[in-house]
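[1] test case, fold it:
(one chain, ligands or ions: 1)
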Amino acid sequence: MVQETHLGVEHLIYPVFLKDGNQIKEEIPSLPNIHRWSVDLLLREIESCLKLGIRVFDIFPAVEDELKDKTASLSYDPNNFYLKAIKEIKSRFPEALLMSDVALDPYSSDGHDGIVENGQIINDKTLPILAKMSVAQAEAGIDIIGPSDMMDGRVGVIREALDENGFTDTSIMSYTAKYASSFYGPFRDALKSAPKSGDKKTYQMNPANKMEALTEAGLDVDEGADMIMVKPALCYLDVIHLLKEHFPTPVTAYNVSGEYAMVHAASRNGWLDYESAVFEMLLSIRRAGAEGILTYFAKDFAKMTRS
Ligand code: PBG
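    Numbers count the residues shown, from 1 in each chain. Take a look at the predicted model:
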């Protein structure tokens, strides 16, 4: 009766990996039970998740290396497999909310979220590409644009481009406080998107900083973000709490790949009880103040709590 925090499948967003082709269901060793799917099989997977009550899906493209280039030009080609698949999924399941990823890294031969010149990330040359990518995704039927790139000024540029093209109803969930974290490793395995050189510390946040998250959130909200995200979740519960206290904008959190992998590794060794660890982790992220949680545990959680 007096429990303060509630956690249900309606709070969860399921990240899924899409690959070009047919009849593909590929294992990702560092992400147990998560796969790279071709669209035909992903449609079935989404159908089974919808039946379990999961409504929101974040779709990430796993692009073949030979299609990557320095400017991520595939990202806004209307014939690319990602945009075609989004169209197909949205028309089959209009009730599913689809979220995208906006950043150069899945399509970039440099493996960075922005344009690289002489070893530097060029913020302002990246912005128009992010805007084109977002408009192409909105055209394909994406409901929530998810800029994960951490370039300065991108939310404003994306909002303006969406509005100019008539996509005033397409919302933006901004990766607002995204830290330069060691917990993204398994995700980079899934997309083979690790940086070819350097690291992401010039654009992702320093894990030592909390107040800087307020600055980032202020900018994103002013530029038009509809939801603001903290990523990763577990090492940054204080940041989730801080943003929740200071902004009326809905706050979400990304329970990232490394956090998922840790629980699996420990429970496979018999060192943790899987179900109770998952429940406690997700509940703590909600308690910290996140309305929505992106998590690879979504499907297992839905099965665990099915009544
Ligand atoms: C990159 C991106 C990353 C994740 C989502 N989008 C990794 C990175 O910044 O290198 C990580 C998600 C996860 O670890 O689950 N644009």
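[2] and the helix or strand bottoming out on mean pLDDT in the chain, does that touch the ligand?
    Counting by mean pLDDT, DSSP states H and E, the weakest-scoring helix or strand in the chain turns out to be helix 185-191, with a mean of 93. Yes - with Cβ under 6 Å from any ligand atom as the criterion, the ligand is reached by helix 185-191 at 187-188. For every residue, glycine as well, the C-beta is placed using N, CA and C.
[3] and that helix, how far out from the chain's middle?
    13 Å (Cα atoms, centre = their mean, to the nearest Å).
[4] what does the helix or strand just after it contact?
    Next along the chain after helix 185-191, taking DSSP states H and E as the criterion, comes helix 211-223. Contact partners of helix 211-223, identified using Cβ atoms under 8 Å, 6 or more residues apart in numbering, comprise 152-153, 155-156, 159, 174, 176-177, 205-206, 228, 230, 239, 242-243, 246-247, 249.
[5] can you rerun that using 7 Å?
    155-156, 159, 174, 176-177, 205, 228, 239, 242-243, 246-247, 249 (Cβ atoms under 7 Å, 6 or more residues apart in numbering).
[6] got it, and stretch 75-89?
    Contacts to stretch 75-89, defined as Cβ under 7 Å, 6+ apart, come from residues 18, 20, 39, 43, 46, 59, 61, 74, 96, 98, 104, 107, 129, 132-133, 136-137, 140-142.
[7] does it come close to the ligand?
    No - Stretch 75-89 stays clear of the ligand (Cβ under 6 Å from any ligand atom), getting no nearer than 11.5 Å.
[8] and what of stretch 56-72?
    No - taking Cβ under 6 Å from any ligand atom as the criterion, stretch 56-72 and the ligand are apart, separated by no less than 7.1 Å.
[9] start the count at 733 instead of 1 going forward.
    Will do, 733 is the new start, and the previous item becomes stretch 788-804.
[10] how about that stretch: buried residues?
    The neighbour-count criterion (16 or more other Cβ atoms under 10 Å) identifies 788-795, 800, 804 as the buried residues of stretch 788-804.
[11] same check on stretch 968-982?
    968-969, 971-976, 979, 981-982.
[12] which residues of the protein lie near the ligand?
    833, 835, 837, 845, 880-881, 916, 919-920, 932, 988-989.
[13] can you give me the helices in the stretch 833-982 of the chain?
    With DSSP state H, counting those that start in this stretch as the criterion, the stretch 833-982 of the chain has helices at 855-872, 886-896, 917-923, 943-955, 969-978.
[14] out of the contacts of helix 943-955, which is nearest to the ligand?
    Set against the ligand, the nearest of the contacts of helix 943-955 by Cβ to the nearest ligand atom is residue 937 (11.2 Å).
[15] could you report the neighbour count for the closest residue to the closest one other than its chain neighbours?
    In space, and not counting its chain neighbours, residue 937 is closest to residue 911: 4.7 Å by Cβ to Cβ, 6 or more residues apart in numbering. Counted with other Cβ atoms under 10 Å, residues neighbouring residue 911 total 24.
[16] and residue 775, by the same measure?
    Using other Cβ under 10 Å, residue 775 has 15 neighbouring residues.
[17] now it. Nearest residue, chain neighbours left out?
    residue 824 is the one closest to residue 775 (Cβ to Cβ, 6+ apart), at 5.8 Å.
[18] still on that earlier bit, got a winner among the residues of the chain next to the ligand for most neighbours?
    Highest neighbour count within the residues of the chain next to the ligand: residue 845, with 29 neighbours (other Cβ under 10 Å).
[19] surely it is in contact with residue 837?
    Yes - at 4.9 Å, residue 845 and residue 837 qualify as touching, with contact defined as Cβ atoms under 7 Å.
[20] isn't residue 999 up against residue 1006?
    Yes - counting by Cβ under 7 Å, residue 999 touches residue 1006, with 3.9 Å between them.
[21] joint contacts of the two?
    Common neighbours of residue 999 and residue 1006 (Cβ under 7 Å, 6+ apart) do not exist.
[22] and residue 764, what is it in contact with?
    Contacts for residue 764 (Cβ under 7 Å, 6+ apart) come out as residue 996.
[23] let me know the pLDDT of it.
    We note a pLDDT of 97 for residue 764 in this prediction.
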